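# here is the input, now give the coordinates:
(one chain, ligands or ions: 1)
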Amino acid sequence: MSASYDLRDGVAVITLNNPPVNGLGYDTRRAVADGIDRAHADPAVRAIVITGAGRAFSGGADIREFGSPKAIAEPNLLSLIRMLDDATKPVVAAVHGTVMGGGLELSLGAHYRVAAPGTNVALPEVKIGLVPGAGGTQRLPRVLGVETALNMIVTGDPVKSELLAAIPGQTLFSKIIDGDLVAGAVAFALEMADARPLPRVRDLPLKHPNADAYFQFARNTVKAMAKNFPAPARCVDCVEQATRRKFDDGMVYEREAFLALMMTPECKALRHAFFAERAASKIPDVPEDTPVRPIARLAVIGAGTMGGGITMNFLNAGIPVTMLEMKQDALDRGIATIRKNYESQVKKGKLKQDKYEARMALLSTTLNYADLSDADMVIEAVFEEMGVKEKVFRALDDVMKPGAILASNTSTLDVDQIAAFTKRPQDVIGTHFFSPANVMKLLEVVRGKHTAKDVLATVMKLGKLIRKTAVVSGVCDGFIGNRMIEQYSRQAGFLLEEGCTPEQVDKAAEKFGFAMGPFRMGDLAGNDIGWAIRKRRYVEKPDLRYSKTADLLCELGRYGQKTGAGWYDYLPGQRAAIPSAVVVKMIEDHRAALGITPRRISDDEIVQRLVFSLVNEAARILEEGIASKASDIDMVYLTGYGFPLWRGGPMCYADTFGLFNVVQAMKRFAKNPLDDGEFWQPAPLLAKLAAEGKTFNPA
Ligand code: NAI
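Prediction:
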């Protein structure tokens, strides 16, 4: 059953029932249409109430049907709303919880709407690169006024029902109903049962007193704020047309805009990211109903950069944390940093004082492992040295209660080796947070050889609770994200050797849409970190070709922003990157020493070499099963590495570019004068998919 039908005091009550959020899938639409017909056919019915079972009126389209024929099968949403337009008995939509997208559009087809307080009202289509497609841009302005409606449509953000109901002159909600919503809606429907003519939103007049100036202003504003996304500007166009055209013509305009946007790469990328985010929590061999372990108390080892940020995530979620360090002053410093972070949020008005205090009250500290025995999970964030990790995990193995989860935040070390320091490798897992850990969305969850399925399921769920995008990675050097970035950095170094300046490379990458080019990123993260890793790695792999420019830079003490100089110069206390004559000279001398004649490299070549170096390594990661699907790799790059959202992640971008074309480009790069052909060997999976005309992500 996807919608039920009841009769109450002469009012037909149609209740959407399609958990979890009453998505308007085919069966639900069909059942609503049947209900409307039945109510009209029954002379005993004086009015109709449409409402939702469970926690929402309706979250809109049923995303499980996306892209399938069922999504548009009749009665589609437009047809359903047309039925309401043609209704001869009054229809009241009674909304609660969530009324979004198609759900809101359906309710706007009703003659009246009543709402429970606290209902989230939104047209979020813009977030997946679309305009609302079932009259939202034409009807919402008619009930809320142009400006409020347009704000909601271009942001896609929810607004509470009681705030909207308080807007003077609005006709979105006839009533806010405290208490029993359906009983209130039935009573209201009976009050209106004989009122004629029936008020239809489509018949309401719509004008803006300064339309030309207002829409020009609105268009400029959204274009500046969302320059790489076409949908927000199209939202403005649609609402403008609502003020200029007859209702039915406006509907045609909206439909055309919707269909045109649907075909854009930006919309495809946003839809991909939307589904990729949901897919990330699904692990092929870990069923969704896998029982999870309760996590009521947490321990964090190490109160440094990462330990402090990790701790904040859990305090924010209301989970008590005990932080352990070797010395009291390290604890004091850690707490001071956490306080400073919270206080800056309080100052900015983002956090209330009492909440800040409540969070700090959840934090305790210790120097003694025995104090961790009641924690359900511990996350280790000590120095990145196997010897130190070994000491910590052996100590944890002694004190942690049976069944506690033992996690490491290591960014490069072997989680299986760490697990082997304990007698309970099944309880050991990697939780790789990104810096700053209280801000960055990405959490790579590293599944060891022996990690138990319920441990994995628990940590994935915990990731959601602390509002991270958790992506599973297998064990390998660098996991998904850093293993790929290594190839990207190698390529960035070759570009310098062959003729680019750091500024040219960064500008090209940033024009493509990266939040930061590779060299500005190095200066922010600290060039010494990569230096230390290279010293270790390139000793193990002496034949691996890489550019020594980054080592030379570090030999000059230019570690980045923290030393006031890196690939760029920095003024004291400022973060603006100023091109450095010293660095340019250093690179030129290096080329001269190698006998290299620099050549001019186009921005296209720069971007393709950077992005395809990510893609090629990602193909290996997929093939080895380190990532279980291409969309997980996209999520890692979108949420942890500043990859442009409107391109959907490196795999989505490669698919859009065409894998055949990617391989062709790689063949061209392999013929560059300084290339030895090794770097651009296509990974077997990439070569195979390209040859078969396939894509990484399912089409
Ligand atoms: P950090 O140097 O800022 O903090 C490490 C803290 O651990 C220090 O406060 C130190 O006193 C404490 N510590 C060291 N040995 C200890 C022991 N035996 N018992 C208790 N406490 C001990 O280092 P950071 O940057 O926080 O890194 C921690 C871990 O997180 C490392 O494994 C690192 O690879 C990883 N990581 C770091 C990222 C970053 O951007 N900094 C990003 C992702 C992971």
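# next to the ligand, which bits of the stretch 351-500 of the chain? Give me the list.
For the stretch 351-500 of the chain, the contact set with the ligand under C-beta under 6 Å from any ligand atom comprises 381-384, 388, 391-392, 409-411, 432-435. Where you see a C-beta, it was placed from the backbone N, CA and C, and this is true even at glycine.
# how about CSV for the residues you listed, with pLDDT and neighbour count added?
As requested, those are exported to CSV (pLDDT from 0 to 100; neighbours: other C-beta atoms under 10 Å):
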residue, pLDDT, neighbour count
Ala381, 97, 26
Val382, 97, 21
Phe383, 93, 10
Glu384, 91, 16
Val388, 97, 14
Lys391, 98, 13
Val392, 98, 23
Asn409, 97, 24
Thr410, 96, 22
Ser411, 92, 20
His432, 98, 26
Phe433, 98, 23
Phe434, 96, 21
Ser435, 91, 13
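# identify the farthest-apart pair in those.
Maximum pairwise distance in these, criterion C-beta to C-beta, is 25.4 Å, between Lys391 and Phe434.
# quick one: contacts for the closest residue to the ligand within the chain?
Nearest to the ligand, among the residues of the chain, is Gly304, at 1.8 Å (C-beta to the nearest ligand atom). When contacts are counted by C-beta atoms under 8 Å, 6 or more residues apart in numbering, Gly304 touches 330, 334, 381-382.
# try 10 Å
325, 330, 333-334, 337, 381-383 (C-beta atoms under 10 Å, 6 or more residues apart in numbering).
# try Pro20
Contacts of Pro20 by C-beta under 10 Å, 6+ apart are 54-56, 59.
# do the same with Arg255
So Arg255 contacts 78, 131, 133-135, 238 (C-beta under 10 Å, 6+ apart).
# top of those residues by neighbour count?
Val131 (30 neighbours; other C-beta atoms under 10 Å).
# let me see the backbone angles for that residue.
When read as degrees, to the nearest 10, the backbone of Val131 gives phi -100, psi 160.
# one more: the one 4 residues further on?
The phi/psi pair for Gly135 (degrees, to the nearest 10) reads phi 90, psi 0.
# verify the stated contact: it with Gly101.
No. Contact between Gly135 and Gly101 fails when scored by C-beta atoms under 10 Å: they sit 11.6 Å apart.
# what is in contact with those two at once?
Common neighbours of Gly135 and Gly101 (C-beta under 10 Å, 6+ apart) are Leu77.
# next structured bit after the helix or strand bottoming out on mean pLDDT in the chain?
One helix or strand of the chain scores below all others by mean pLDDT, DSSP states H and E: helix 527-540, with a mean of 83. Sequence order places helix 549-555 as the next helix or strand after helix 527-540, per DSSP states H and E.
# using CSV, list the CA coordinates for that next one.
Output of helix 549-555 as CSV, limited to C-alpha atoms (Å, rounded to 0.1, in the frame of the first residue of the first chain):
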residue,chain,number,x,y,z
THR,A,549,62.2,20.5,-7.3
ALA,A,550,60.1,20.0,-4.1
ASP,A,551,63.2,18.6,-2.3
LEU,A,552,65.3,21.6,-3.3
LEU,A,553,62.5,23.9,-2.0
CYS,A,554,62.6,22.2,1.3
GLU,A,555,66.4,22.3,1.5
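# may I ask which helix or strand encompasses the residue lying closest to Lys548 once chain neighbours are set aside?
Using C-beta to C-beta, 6 or more residues apart in numbering and skipping the chain neighbours, the partner closest in space to Lys548 is His590 (6.9 Å). Per DSSP H and E, His590 falls inside helix 581-594.
# from the contact counts, what lies against that helix?
In terms of contacts (3 or more C-beta pairs under 10 Å, 6 or more residues apart in numbering; DSSP states H and E), helix 581-594 is packed against helix 479-498, helix 502-512, helix 549-555, strand 568-569.
# dump those to TSV, plus mean pLDDT and distance to Ala276.
Output for those, formatted as TSV (pLDDT from 0 to 100; distance: least, C-beta to C-beta, whole Å):
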stretch	mean pLDDT	distance to Ala276
helix 479-498	96	13
helix 502-512	98	20
helix 549-555	96	32
strand 568-569	98	34
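# from Arg394, how far off is Tyr369?
10 Å (C-beta to C-beta, to the nearest Å).
# who has more neighbours, these two?
Tyr369 (17 against 12).
# just checking, what packs against the helix or strand that the helix holding His590 is followed by?
The helix or strand immediately downstream of helix 581-594 is helix 603-623, counting by DSSP H and E. With contacts taken as 3+ C-beta pairs under 10 Å, 6+ apart, helix 603-623 sits against helix 479-498, helix 502-512, helix 630-640, helix 650-657, helix 659-670, helix 684-691.
# give me the mean pLDDT for the very next helix or strand once past the second one.
Moving toward the C-terminus from helix 502-512, the first helix or strand encountered (DSSP H and E) is helix 518-525. The pLDDT scores in helix 518-525 average 95.
# what residues sit buried inside helix 518-525?
The neighbour-count criterion (16 or more other C-beta atoms under 10 Å) identifies 518-525 as the buried residues of helix 518-525.
# between helix 502-512 and that helix, find me the angle.
Counting by axes from the mean of the first three to the mean of the last three C-alpha atoms, to 10 degrees, helix 518-525 lies at 100 degrees to helix 502-512.
# can helix 518-525 be said to contact the ligand?
No. Using C-beta under 6 Å from any ligand atom, helix 518-525 stays clear of the ligand, with a minimum separation of 6.7 Å.
# show me what that helix is packed against.
helix 479-498, helix 502-512, helix 527-540, helix 549-555, strand 568-569.
# how about those in JSON lines, adding mean neighbour count?
Shown next, in JSON lines, are those (neighbours: other C-beta atoms under 10 Å):
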{"stretch": "helix 479-498", "mean neighbour count": "23"}
{"stretch": "helix 502-512", "mean neighbour count": "21"}
{"stretch": "helix 527-540", "mean neighbour count": "15"}
{"stretch": "helix 549-555", "mean neighbour count": "20"}
{"stretch": "strand 568-569", "mean neighbour count": "19"}
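# let me have those in TSV, adding distance to Glu254 as columns.
As requested, the helices and strands packed on helix 518-525 are exported to TSV (distance: least, C-beta to C-beta, whole Å):
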stretch	distance to Glu254
helix 479-498	40
helix 502-512	32
helix 527-540	50
helix 549-555	52
strand 568-569	47
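# and the angle from the helix holding His590 to helix 518-525?
120 degrees.
# using PDB, write out every CA atom in helix 581-594.
Output of helix 581-594 as PDB, limited to C-alpha atoms (Å, rounded to 0.1, in the frame of the first residue of the first chain):
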ATOM      1  CA  ALA A 581      61.500  35.200  -7.800                       C
ATOM      2  CA  VAL A 582      63.700  32.900  -5.600                       C
ATOM      3  CA  VAL A 583      61.600  29.900  -6.500                       C
ATOM      4  CA  VAL A 584      61.500  30.700 -10.200                       C
ATOM      5  CA  LYS A 585      65.300  31.000 -10.200                       C
ATOM      6  CA  MET A 586      65.600  27.800  -8.200                       C
ATOM      7  CA  ILE A 587      63.600  26.000 -10.900                       C
ATOM      8  CA  GLU A 588      65.500  27.500 -13.700                       C
ATOM      9  CA  ASP A 589      68.800  26.500 -12.200                       C
ATOM     10  CA  HIS A 590      67.500  23.000 -11.700                       C
ATOM     11  CA  ARG A 591      66.500  22.800 -15.400                       C
ATOM     12  CA  ALA A 592      69.800  24.200 -16.500                       C
ATOM     13  CA  ALA A 593      71.600  21.600 -14.400                       C
ATOM     14  CA  LEU A 594      69.600  18.800 -16.100                       C
END
